[in-house]
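1. Provided below for reference: sequence and predicted model.
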Amino acid sequence: MNDQPNRFDTAKDAARRNFDEARRRFGTGGDGELNAYGRWRERHPQFNKTIWTAIALVLVGLFIWWLLPGKLKGDVPRGMGGPQPVGVARVEKGPIDVTINALGTVTPLATVSVRPQVSGQIVHFSFHEGQMVKAGEVLAEIDPRPFQAALDQANGQLAHDMASLVNARIELKRQRALLAAKATSQQTLDNQVATVKQDEGTVASDVANVKTAAINLGYTKVSSPVAGRAGIRQVDLGNYVSAGQSTAIVVVTQLQPISVLFTVPEDNIGAIMARFGVGEAMQVDAYDKPQTTKLATGRISAVDSQIDTSTGTVKLRAMFDNEDGLLFPNQFVNVRLLVNTLQDQVVIPAAAIQRGASGTFVFVVKNDEADKAKKVVSMRVVTTGVQQGDRVAVTKGLNPGETVVTDGADRLRDGGEVTIPGGQTVVDVKAPAGAAGAGLSDADKAARRAKMMAVCGADFKKYCDGLKGPEMFMCMREHRNDFSDTCKAEMKKMRRSGGGAGGAPGGGPPPGGPPPG
C-alpha cells in the first residue's frame, strides 16, 4: 500500500517538471516571467483559436478534394477547354535528297617539312610565319660563300684541264703528221692518243664537279616545293643547319585544293558505287561541328579498295577547292554525301510527325462539316521515308495540299477543335484511299453511336443519365472502370479501329462523338 503513493508522487513530479519546462520554453522563463513569445500570446489571445481553425479547414478541404471525382482535380479531357491554337504547314510535293551523314577529317594533299640540303648558317628568312607561299618561293638562305668558293674552284680546275686537253689534241695532230712523213714511231702516236682521251675524261669530271658545286650553291636558297601556308619556324636566324637533319626549317601545308577523308557504313557502298562507278560527280557538303554552317562543297574523288573489317566501314576521299580557306588541316567536319535525289515526294516538316503506341501519325486540319468557320483535327497514320534536315518524306497517308499540325499537337485529341493564329485558310483535300484515321462520314459516326448505345446504354443510364457534351465525356472518364466488361471491350475496339494512331489520346471517348444523352 505504501508503494502506490510513492509511484503516484513520482509520476506527478515528473509531469510537473515537464510542464515547467514547457512553460519555460513557450510561455515563461524559469522564474515565472513571460518571455517574448509568451508576452506576444498574452497580447493576442485569439491566435491559438485562429491557427487551429485554419489548420482544420485546410485538412477538411484536402479530404473533400481527395474524395470528389475529377471535376475538382482538373481531370478534363484534352481539347474540351475550347479551341486549341496550333501551328500548321501545308503538305507539299517536291524533291528530297537522300544523304549519308558522316564524320570526316580535313586532310591536305601535301604536307612538306622543308629541311636543308646543305650545311651552313642561316643568314636570312624570306617569309613570315603563317604566310601563304608559292611553289618555288625562297623561304630562307644559308650562307652561300663556301659554296660559291667551291664553284669557283671547280670552274678553275675545269679551265686548267681544258687547256691540257687542247694542248694534247694539238700534239696528237703533230704526231700524226710526223708518222705520215715517217719521222716518228707508231708507239709515240698511240701514247699521244691515250693522253688526249685521259685529258677528255678529266675535263668531263671537272664539268660534273662544276654542276655539283652549282647545285649546292642553289641549295643555299631554301625554297618551298608546294604552294600553301608556311607554319611556325623551327629554327632561328644564325642557327647552323646540316643536310639531312631531322628538324625542319618550316612545314608548308597545301590548302588549295584540299581533301576530306571520311567513312561510310558498308551497307551504303552499293548505292555509292552505282553512281561513282559510272563517273557521276557525287556532291559532298562539309559542315562545322554544330552542323549549322556549311563550310564548303566538293566532290567524291576516290573510294578505298577494301572494307575495314574491324569497323565495317569504307573510306572515301572528297576534294574541295577551299578558295575561301574555311577548311583547315586536321579539322573535324560533319560530312553530308548526296547519294540520290528523289523527285515528286510528299514532303512535310519533321515537327508534324507524332509517335504513339500504334506507330507514326499526324494531325490533319480540316474545316468542320457542320460549320465551315470552325476547324477540327483528325489523327492520320502515316508511313515516313527519307528525312532531309527538318523535312521528311511521307510515303503513305497524306496527299499534297492537306494541312498538318506542326506546333501544339501535344494538346490535341482526335476530332478536337483548333484555331490557327493569323487566320490561315485550310483547303479540304481528300485523304488517300485506305488511309487509317482519315476521318468518318456522318453516317459512319451515327452507326458507331447507335452501336455503342446498344452495348453501353445501360451503363450510360446508370452512371451518366441526363448528361451531355463535356459533362458526358467527363462522366465516361470517371466511370470507365465501372462500366461492364462488354461495354469496355466495345469502346476499346472502336478506339482501335477508328481513332487513328491508337485511339483518342489519354484514353478518351471513342471517335465519332459522344453517345447521345
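-> That came in fine, so what should we check first?

2. going forward, measure contacts between C-alpha atoms and count neighbours the same way
-> Fine.

3. Excluding residues flanking it in the chain, which one is nearest residue 472?
-> residue 464 (6.6 Å; CA to CA, 6 or more residues apart in numbering).

4. Could you tell me the model confidence score at the one you found?
-> Here, the pLDDT recorded for residue 464 equals 81.

5. what's it in contact with, if anything?
-> Applying CA atoms under 8 Å, 6 or more residues apart in numbering to residue 464 gives the contacts 472, 475, 476.

6. do residue 335 as well
-> Contacts of residue 335 by CA under 8 Å, 6+ apart are 100, 101, 102, 103, 104, 262, 284, 285, 286, 287.

7. For those, which PyMOL command selects only the ones that are buried?
-> Burial among these is assessed by 16 or more other CA atoms under 10 Å; the matching PyMOL selection reads:
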select buried, resi 100+101+103+104+262+284+285+286+287
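
8. taking the contacts of residue 335 one by one, which sit in helices?
-> Using DSSP state H, the subset of those located in helices is empty.

9. Inside strands: which ones of the contacts of residue 335?
-> Under the assignment DSSP state E, the contacts of residue 335 contribute 100, 101, 102, 103, 104, 262, 284, 285, 286, 287 to strands.

10. so what's the third one bridging to?
-> When assigned by DSSP bridges, residue 102 has beta-bridge partners residue 335.

11. Hmm, it is touching residue 260, no?
-> No: checked against CA atoms under 8 Å, the pair residue 102 and residue 260 is beyond contact range at 11.1 Å.

12. rewinding a little: distance check, the residue nearest to residue 472 against residue 455.
-> For residue 464, the distance to residue 455 equals 15 Å [CA to CA, to the nearest Å].

13. Show me the beta-bridge partners of residue 133.
-> Beta bridges link residue 133 to residue 228, judged by DSSP bridges.

14. can you pull the contacts of it?
-> Residues in contact with residue 133, defined by CA under 8 Å, 6+ apart, are 127, 224, 227, 228, 229, 230.

15. Please produce CSV containing those, extended by pLDDT, neighbour count and distance to residue 491.
-> Output for the contacts of residue 133, formatted as CSV (pLDDT from 0 to 100; neighbours: other CA atoms under 10 Å; distance: CA to CA, whole Å):
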residue, pLDDT, neighbour count, distance to residue 491
127, 92, 15, 83
224, 93, 21, 82
227, 93, 18, 76
228, 93, 24, 74
229, 94, 19, 74
230, 94, 24, 76
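
16. Serialize these to CSV and add fields for distance to residue 136.
-> CSV is the format used below for the contacts of residue 133 (distance: CA to CA, whole Å):
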residue, distance to residue 136
127, 13
224, 5
227, 8
228, 11
229, 13
230, 13
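
17. Any buried residues in stretch 164-174, and which?
-> For stretch 164-174, a neighbour-count test (16+ other CA under 10 Å) marks 164, 165, 168, 169, 171, 172 as buried.

18. Is the second one within a helix or a strand, and which one?
-> Spelled out, that is residue 165. helix 145-180 (DSSP states H and E).

19. Quick one: list the elements packing against that helix.
-> Helix 145-180 sits against helix 186-219, with contacts defined as 3 or more CA pairs under 8 Å, 6 or more residues apart in numbering; DSSP states H and E.

20. Please save the CA atoms from stretch 276-295 in PDB.
-> The C-alpha trace of stretch 276-295 is given here as PDB (Å, rounded to 0.1, in the frame of the first residue of the first chain):
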ATOM      1  CA  PHE A 276      30.600   6.700-108.700                       C
ATOM      2  CA  GLY A 277      31.400   3.700-110.900                       C
ATOM      3  CA  VAL A 278      29.800   5.300-114.000                       C
ATOM      4  CA  GLY A 279      31.700   8.600-113.400                       C
ATOM      5  CA  GLU A 280      28.900  10.700-111.900                       C
ATOM      6  CA  ALA A 281      30.000  13.600-109.700                       C
ATOM      7  CA  MET A 282      28.700  13.000-106.200                       C
ATOM      8  CA  GLN A 283      28.300  16.100-104.200                       C
ATOM      9  CA  VAL A 284      29.700  16.300-100.700                       C
ATOM     10  CA  ASP A 285      29.000  19.200 -98.200                       C
ATOM     11  CA  ALA A 286      31.200  19.900 -95.300                       C
ATOM     12  CA  TYR A 287      29.600  21.400 -92.200                       C
ATOM     13  CA  ASP A 288      31.000  22.800 -88.900                       C
ATOM     14  CA  LYS A 289      30.800  20.900 -85.600                       C
ATOM     15  CA  PRO A 290      27.200  22.000 -84.700                       C
ATOM     16  CA  GLN A 291      26.100  21.400 -88.300                       C
ATOM     17  CA  THR A 292      24.800  24.900 -88.600                       C
ATOM     18  CA  THR A 293      27.200  26.400 -91.200                       C
ATOM     19  CA  LYS A 294      28.200  24.900 -94.500                       C
ATOM     20  CA  LEU A 295      31.900  25.300 -94.900                       C
END
